[in-house]
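Peer 1: For reference, the sequence and a predicted model appear below.
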Amino acid sequence: MVDRLQFLLGRLGERLWVKPLIMVVLSVAAAFLASAADHTELGKIVPEISVDSIETLLKVISASMLVIATFSVASMVSAFASAGSTATPRTFPLVIADDVSQNALSTFIGAFIFGIVALIALKNGLYDKAGLFVLFSLTLVVFAIVIVIFVKWVDNIARLGRLGTTIDKVEKAAKHALQRRQCAPNLGGVPVGQTREKGQAIYSESIGYVHRIDVPALQTCAEKADARITVSALPGTFAAPGRALAYVTPSPSRLSEDDTKKIAKAFLIGQDRTFDEDPRFGLIVLSEIASRALSPAVNDPGTAIDIIGTLVRLFALWGKPCEEGDISPPKYDRVEVPEISLNDMFDDAFSAIARDGAGTVEVSMRLLKALESLTFAGDVTMRAVAKHHANLALGRAEAALTFPQDVQNVRILASFAQVG
């Protein structure tokens, strides 16, 4: 339940209207709640504030905040477009979810609404002495908040949409997803048995990518049917006709249509992949950024080299054992969930870079150095996978490079993959 709530909150965070709407509601409430002070003894101890001074301040707020809000939206749209063109369109959800920009836009819109509503209430004589003092105090607080937020936002908007900032956001999202999956490799279920028959297949009526799996719901369905459910479509899998989401075993009698729908409903499917519970998506997006940088139109091998370093950090993190207190023990014994294939993760991360950077010797050399370092960062499986991909990268480089010394240098760096 908590995971589902976090997932939904994450999706709301990608909606640009949510925080501004909250600020609008709070602004309207603050403007009217100021009049509640007139029903207290506060009016006997506070100084008298002239209506004209408050009116002047509110007019300044209402006149300026709408302009600033419009300017901030234009700047954010420009940053979003920049992120899509310099990095990859798949980074858009991360850029639009930027907290500083959303908070700034929300503050500007909220201040504008506060100024308008408070000005209308003031003109209609809603406030007495205490109410005027509270309204004046709130107006000064709004001014202070706007100034602080504006200064922070100007600093942030100068970076938002820039390639380096976008890469950092993708790395952060990928790191979060990897850590979550590392501590719960089977999503709270149990590992898939080696010799288990497939059983009755469950298909989705929707076509799209699996966003998350409600494993507790699958456990409930399995207990009701006195069966076991084997998940075959992890988050990030493309669900399509003929692609089973799960298998139910044993199946002494066919499941009812209602049971089948409940199992399929446990798989949340959407049109686009998300970062939250799909660690491979972050690796793919980083690889896409590197591939775009290596295209003839961009010709920026430095960015690809930076991405390789980022990928090494992520795989080194994956190779470290999870903290004992963070490990999620299996809780759903009737749901079998496969672990992510490390070879698939390396494919997602390095194959496109090895292909597109094969003809650029500095990229090939840095990639081989990175793969060699990963042989020391994990277990035997990571060591074997890193050597396998080093051999693939060497083959691509040998086919693409023309200068003999470059080929020789690449072969020397790949020699670690030939040992053992």
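Peer 2: Thanks, I have it.
Peer 1: in stretch 94-103, what's buried?
Peer 2: 94-98, 101-103 (16 or more other C-beta atoms under 10 Å). For every residue, glycine as well, the C-beta is placed using N, CA and C.
Peer 1: any idea which of those residues is closest to residue 390?
Peer 2: Of all these, the one with the least separation from residue 390 (C-beta to C-beta) is residue 94, at 30.4 Å.
Peer 1: if we can go back for a sec, okay if I get the buried residues of stretch 94-103 as JSON lines plus secondary structure, pLDDT and distance to residue 326?
Peer 2: JSON lines is the format used below for the buried residues of stretch 94-103 (DSSP: H, G, I helix; E, B strand; the rest coil; pLDDT from 0 to 100; distance: C-beta to C-beta, whole Å):
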{"residue": "94", "secondary structure": "helix", "pLDDT": "87", "distance to residue 326": "24"}
{"residue": "95", "secondary structure": "helix", "pLDDT": "84", "distance to residue 326": "29"}
{"residue": "96", "secondary structure": "helix", "pLDDT": "82", "distance to residue 326": "29"}
{"residue": "97", "secondary structure": "coil", "pLDDT": "80", "distance to residue 326": "24"}
{"residue": "98", "secondary structure": "coil", "pLDDT": "80", "distance to residue 326": "27"}
{"residue": "101", "secondary structure": "helix", "pLDDT": "83", "distance to residue 326": "31"}
{"residue": "102", "secondary structure": "helix", "pLDDT": "84", "distance to residue 326": "29"}
{"residue": "103", "secondary structure": "helix", "pLDDT": "86", "distance to residue 326": "29"}
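Peer 1: Include distance to residue 306 when you put those into a markdown table, please.
Peer 2: Rendered in a markdown table, the data for the buried residues of stretch 94-103 read as follows (distance: C-beta to C-beta, whole Å):
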| residue | distance to residue 306 |
| --- | --- |
| 94 | 17 |
| 95 | 18 |
| 96 | 23 |
| 97 | 22 |
| 98 | 21 |
| 101 | 24 |
| 102 | 27 |
| 103 | 29 |
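Peer 1: hmm, which two among those are most spread apart?
Peer 2: Using C-beta to C-beta, the pair of these lying farthest apart is 94 and 103, separated by 16.1 Å.
Peer 1: where are the low-confidence patches of this protein?
Peer 2: Using pLDDT under 70 as the threshold, the predicted model of the chain has low-confidence ranges 1-14, 16, 43, 194-197, 251-254, 325, 419-420.
Peer 1: which strand of it spans the most residues?
Peer 2: Under DSSP state E, the strand in the chain containing the largest number of residues is strand 208-213.
Peer 1: now what about the next helix or strand after that strand, what contacts it?
Peer 2: Sequence-wise, the next helix or strand downstream of strand 208-213 (DSSP states H and E) is helix 215-225. By C-beta atoms under 8 Å, 6 or more residues apart in numbering, the surrounding residues in contact with helix 215-225 are 1, 187-189, 228-229, 231, 246, 248, 255, 259, 262-263, 265-266, 331-335, 337.
Peer 1: Okay, and which of these map to strands?
Peer 2: Where those overlap with strands, as defined by DSSP E, the overlap consists of 228-229, 231, 246, 248, 335.
Peer 1: Turn these into CSV, including neighbour count and distance to residue 129.
Peer 2: As requested, the ones in strands among the contacts of helix 215-225 are exported to CSV (neighbours: other C-beta atoms under 10 Å; distance: C-beta to C-beta, whole Å):
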residue, neighbour count, distance to residue 129
228, 20, 72
229, 27, 68
231, 26, 66
246, 27, 68
248, 23, 72
335, 27, 65
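Peer 1: Would you convert those into CSV that also reports distance to residue 296?
Peer 2: Putting those into CSV (distance: C-beta to C-beta, whole Å) gives the following:
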residue, distance to residue 296
228, 52
229, 48
231, 42
246, 44
248, 50
335, 48
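Peer 1: Relative to residue 66, which of the residues you listed is nearest.
Peer 2: Taking C-beta to C-beta as the measure, residue 66 lies nearest residue 231 of the ones in strands among the contacts of helix 215-225, at 50.4 Å.
Peer 1: Provide a list of residues in contact with the closest residue to the closest one other than its chain neighbours.
Peer 2: Counting by C-beta to C-beta, 6 or more residues apart in numbering, the nearest residue to residue 231 once its immediate chain neighbours are dropped is residue 337, at 4.7 Å. Residue 337 is in contact with 186-192, 213, 215, 231, 234, counting by C-beta under 8 Å, 6+ apart.
Peer 1: Name the member of these with the shortest distance to residue 51.
Peer 2: When the contacts of residue 337 are compared for distance to residue 51 (C-beta to C-beta), residue 213 comes out closest, at 59.8 Å.
Peer 1: Skipping adjacent residues, who's closest to the closest one in space?
Peer 2: In space, residue 213 comes closest to residue 267 once its chain neighbours are excluded; the distance is 5.7 Å by C-beta to C-beta, 6+ apart.
Peer 1: For the stretch 201-350 of the chain, just list every one of the helices.
Peer 2: Taking DSSP state H, counting those that start in this stretch as the criterion, the stretch 201-350 of the chain contains helices spanning 215-225, 257-265, 279-294, 301-319, 342-346.
Peer 1: which of those helices is buried the deepest?
Peer 2: When the helices of the stretch 201-350 of the chain are scored by mean count of other C-beta atoms under 10 Å, the highest mean neighbour count falls to helix 279-294 (a mean of 24).
Peer 1: Who are the packing partners of it?
Peer 2: Helices and strands touching helix 279-294, as assessed by 3 or more C-beta pairs under 8 Å, 6 or more residues apart in numbering; DSSP states H and E, comprise helix 163-183, helix 301-319, helix 342-346, helix 352-356.
Peer 1: right, so of those, which gets closest to residue 55?
Peer 2: Nearest to residue 55 among the helices and strands packed on helix 279-294 is helix 163-183 (41.6 Å), distances taken as C-beta to C-beta.
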